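K.L.:
need coordinates for the below:
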Amino acid sequence: KNLTLIYPYAQLQHANFAPPPPPPPHGHHHHPPPPPPRRRHRGPFFRRLTRKLLGFGIAIGAFCYFMDADFPTYFYDLYRTNYDQDGMTDKTVWVIGASSGIGEYLVYQLVRSGAK
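P.N.:
Now for the predicted structure:
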């Protein structure tokens, strides 16, 4: 039978490649060491973007740090002592756990504010 009709590439010759080079002598490197990695130059757009993102992160961190309950409590107390003098006057307040600790001092503040 004719192979070219069944498989047209049967007549192709295979290329003979050269044999691999011999291994280097003991203690010698086959390839020179790669050069150290170069730092890529970023354009002004990326520098501005990095600066903005860093500033935004610092701003969010400062906001989360300062928005603890201390600052709102301080400003509310400032408002209450200057503008809302009769806020607790003649009001009945029940404090659970007023025998010691925070509850005890809360009762002292409430009595000074005029609560019953």
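
K.L.:
what about this structure, any weak spots by pLDDT?
P.N.:
Applying pLDDT under 70 to the chain flags residues 1-16, 24, 27-31, 85.

K.L.:
hey, where'd the helices end up in the protein?
P.N.:
For the chain, applying DSSP state H gives helices covering 3-6, 44-66, 70-83, 102-113.

K.L.:
centre of the chain to the second one, how far?
P.N.:
Right, the one you point to is helix 44-66. Its chain's C-alpha centre and that of helix 44-66 lie 11 Å apart, by C-alpha atoms, centre = their mean, to the nearest Å.

K.L.:
contact partners of it?
P.N.:
residue 42 (C-beta atoms under 8 Å, 6 or more residues apart in numbering). For the C-beta atoms, the positions are set from N, CA and C on the backbone; glycine is no exception.

K.L.:
thinking again about what came up before, same list, the helices of the chain, but as TSV with distance to residue 34 and mean neighbour count please.
P.N.:
Shown next, in TSV, are the helices of the chain (distance: least, C-beta to C-beta, whole Å; neighbours: other C-beta atoms under 10 Å):
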stretch	distance to residue 34	mean neighbour count
helix 3-6	48	9
helix 44-66	26	10
helix 70-83	55	10
helix 102-113	65	12
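
K.L.:
can these go into TSV with extra columns for distance to residue 96?
P.N.:
Formatted as TSV, the helices of the chain follow (distance: least, C-beta to C-beta, whole Å):
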stretch	distance to residue 96
helix 3-6	96
helix 44-66	31
helix 70-83	20
helix 102-113	7
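
K.L.:
so for residue 18, which of those sits nearest?
P.N.:
Residue 18 sits nearest to helix 3-6 of all the helices of the chain, at 29.2 Å, using C-beta to C-beta.

K.L.:
do you know how far the residue nearest the centre of the chain is from residue 67?
P.N.:
By C-alpha atoms, centre = their mean, the chain has its centre lying nearest to residue 57, at 8.3 Å. Residue 57 sits 16 Å away from residue 67, going by C-beta to C-beta, to the nearest Å.
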